[in-house]
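A.B. asks: Here you go, sequence then predicted model.
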2 protein chains.
Amino acid sequence: MIVALSGGIGGAKLALGLARVLPPEELLVVANTGDDFEHYGLTICPDIDTLTYTLAGLDNPVLGWGRADESWAFMDTLAGLGGADWFRLGDRDLALHVLRTHRLRMGESLSAITDDVRRRLGIGPRILPMSDDPVRTRIRSDAGWIDFQDWFVRQRAAPVVRAVEFAGAAAARPQPEALAALGAGPRAVVICPSNPFISIEPILAVPGMRDAILASGAPVVAVSPIIAGQAVKGPTAKMFAELGVAPSAAAVAARYAGLLAGYVMEEGDDAEGIAPRVVRARTLMTTLEDKVALARMVLATADALR
Amino acid sequence: MIVALSGGIGGAKLALGLARVLPPEELLVVANTGDDFEHYGLTICPDIDTLTYTLAGLDNPVLGWGRADESWAFMDTLAGLGGADWFRLGDRDLALHVLRTHRLRMGESLSAITDDVRRRLGIGPRILPMSDDPVRTRIRSDAGWIDFQDWFVRQRAAPVVRAVEFAGAAAARPQPEALAALGAGPRAVVICPSNPFISIEPILAVPGMRDAILASGAPVVAVSPIIAGQAVKGPTAKMFAELGVAPSAAAVAARYAGLLAGYVMEEGDDAEGIAPRVVRARTLMTTLEDKVALARMVLATADALR
């Protein structure tokens, strides 16, 4: 079994590559839920949904988020009625939010709902939330603490980041099947090329998760989300700079100190001071072939470290 | 002021006629909320919405319910995810349900939300729920009590009706502005051509509403929803038959015994035994001209009875 820790877009690309090279029963993707939030009474899980849509081939390649073949009649009408439209909910995407919110209220776990949706969309590998308990990432800027999606979407990640916290993490229980997979001696743990601060560290902040990874005995291999000091997408580089660290592949590796056995990073980037075994690869995933090739490289790296 | 009591489709047609012949500040439509229900966590108010869409010119003339220019991406996707699709929620219609549900949860009253939506859609006359407290119509069939929308939509009104109840009505407070309008000596109270059992009687079942109508001193004029023993739309005739009464204009008038001063019914229908003043008119409203002409006839009938 490969246990992959992932946030949204970048992580989902590698998860898709892994899904193409592994038998479905040998991949379990643990999704960050720190980005989850409640909007118009709906529970929205952006990273789970990006993973789900990407693995189902339903992701929107133009927007980079949401569903393919999306329409916006709901959103346009909501705005016309005076509703907020800073978080764009497509007509098709909305079906998942309404269904999930209703089933959560009826007492089902986020894990069960996510797994049912996965099966209905014909996805082979498991996708599971890091926890069924709510964890909510918050950003401290100069104006105080802000909910993550307020900072990320409504304010377009503009406010300077002074600190990040994961509200609820201390009381959250790790997802039991993820924990069981780690306990059963997995082939590897893969940390996908996601934002460390807001995609991977919330997963590691769930009590027991980091210990279970360390105790698994499996090689832990991360892929750098930083190429030539830049994030492929999203605020990773900006967050490093604002938190006082020059953004680099090495800076990401330092966030995972004590965890990594191997680290896959872009050719030409500076590897000085990186403790785990460094493997060079093309880490920019544009085509499906890129994703598959990177997945194979990550697996080979892990297997070489066993 | 004209105070009109109305259910959905038939009532909304006359309400539109009244809205075209009266200054906006002289019409208040009191909407039945007994049809309201919770579906996928959303509070849906079919009669308020039909009135709102009809008065805004946004009603769907093909379906006879919902919004014009509707699309179904949400519904199709929900069904694909295993969701129930017996109650069809259009992409645009959904915006109103999501907005309303969210604002209700935030503590706003149904009256305030309905009134805000009315203004945003450019509707002049007030539309107000009969009560801000939940009232839920239930149908007793041979298989026991069923929620109204389950009976009406999911089971297509097929189960035989043995009894009707308005759960919550005894504890519901009448909408204060409707009560104030009745107390201020209105020009008339109009009972629109809606189903008496499930559209008008829930309104009259709100404690204080019937007394306020009687105490208003205004002539109460109803329009028959039955023409030649048939309902123009909906289960009115079926319900009469199943409750042991031959459906007729006279049978409807008998449901309003003690309330009516005038009764507008179709030419040629039997008026024997009808106590209030009978006025004959074309009551089938196909065109806008029909609606306006019937509204004028209702107002003239009321004025003649003062």
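C.D. replies: Received it, and whenever you're ready, just let me know what you need.
A.B. asks: helices or strands next to the longest helix seen in chain A in the packing?
C.D. replies: The helix that spans the most residues within chain A, counting by DSSP state H, is helix A:288-305. With contacts taken as 3 or more C-beta pairs under 8 Å, 6 or more residues apart in numbering or on different chains; DSSP states H and E, helix A:288-305 sits against helix A:9-21, strand A:188-191, strand A:220-223, strand A:262-266, strand A:277-281. Every C-beta, even on glycine, is put in place using the N, C-alpha and C of the backbone.
A.B. asks: Between these, which one is closest to chain B.
C.D. replies: Closest to chain B of the helices and strands packed on helix A:288-305, according to C-beta to the nearest C-beta: helix A:9-21, at 19.1 Å.
A.B. asks: report the angle between the axes of that closest one and helix A:288-305?
C.D. replies: Helix A:9-21 runs at 80 degrees relative to helix A:288-305, counting by axes from the mean of the first three to the mean of the last three C-alpha atoms, to 10 degrees.
A.B. asks: So what pairs up with the residue nearest to A:Leu104 when sequence neighbours are not counted in the strands?
C.D. replies: In space, and not counting its chain neighbours, A:Leu104 is closest to A:Thr43: 5.8 Å by C-beta to C-beta, 6 or more residues apart in numbering or on different chains. Here A:Thr43 sits in beta bridges with A:Glu38, going by DSSP bridges.
A.B. asks: give me every residue that touches A:Thr43.
C.D. replies: The contact partners of A:Thr43, by C-beta atoms under 8 Å, 6 or more residues apart in numbering or on different chains, come to A:Asp36, A:Phe37, A:His97, A:Arg100, A:Thr101, A:Leu104.
A.B. asks: Test my guess that A:Ser111 contacts A:Ile127.
C.D. replies: No - using C-beta atoms under 8 Å, A:Ser111 makes no contact with A:Ile127, being 9.4 Å away.
A.B. asks: which one of the two has more residues nearby?
C.D. replies: Taking other C-beta atoms under 10 Å in any protein chain shown, A:Ser111 and A:Ile127 do not tie; A:Ile127 has more neighbours (27 against 19).
A.B. asks: Could you look up the SS state of that one?
C.D. replies: With DSSP: H, G, I helix; E, B strand; the rest coil as the basis, A:Ile127 sits in strand.
A.B. asks: Export the longest helix of chain A to CSV, keeping only CA atoms.
C.D. replies: Provided in CSV are the C-alpha atoms of helix A:288-305 (Å, rounded to 0.1, in the frame of the first residue of the first chain):
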residue,chain,number,x,y,z
LEU,A,288,-0.6,13.0,-17.9
GLU,A,289,2.7,11.6,-18.9
ASP,A,290,4.5,14.0,-16.6
LYS,A,291,2.3,12.8,-13.7
VAL,A,292,2.8,9.2,-14.4
ALA,A,293,6.6,9.6,-14.9
LEU,A,294,6.9,11.5,-11.6
ALA,A,295,4.8,8.9,-9.8
ARG,A,296,7.1,6.2,-11.1
MET,A,297,10.1,8.2,-10.0
VAL,A,298,8.7,8.6,-6.5
LEU,A,299,7.9,4.9,-6.1
ALA,A,300,11.4,4.0,-7.4
THR,A,301,12.9,6.4,-4.9
ALA,A,302,10.9,4.9,-2.0
ASP,A,303,11.7,1.3,-3.1
ALA,A,304,15.4,2.1,-3.3
LEU,A,305,15.2,3.4,0.3
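A.B. asks: residues of that helix that come out buried?
C.D. replies: A:Asp290, A:Lys291, A:Val292, A:Ala293, A:Leu294, A:Ala295, A:Met297, A:Val298, A:Leu299, A:Thr301, A:Ala302, A:Leu305 (16 or more other C-beta atoms under 10 Å in any protein chain shown).
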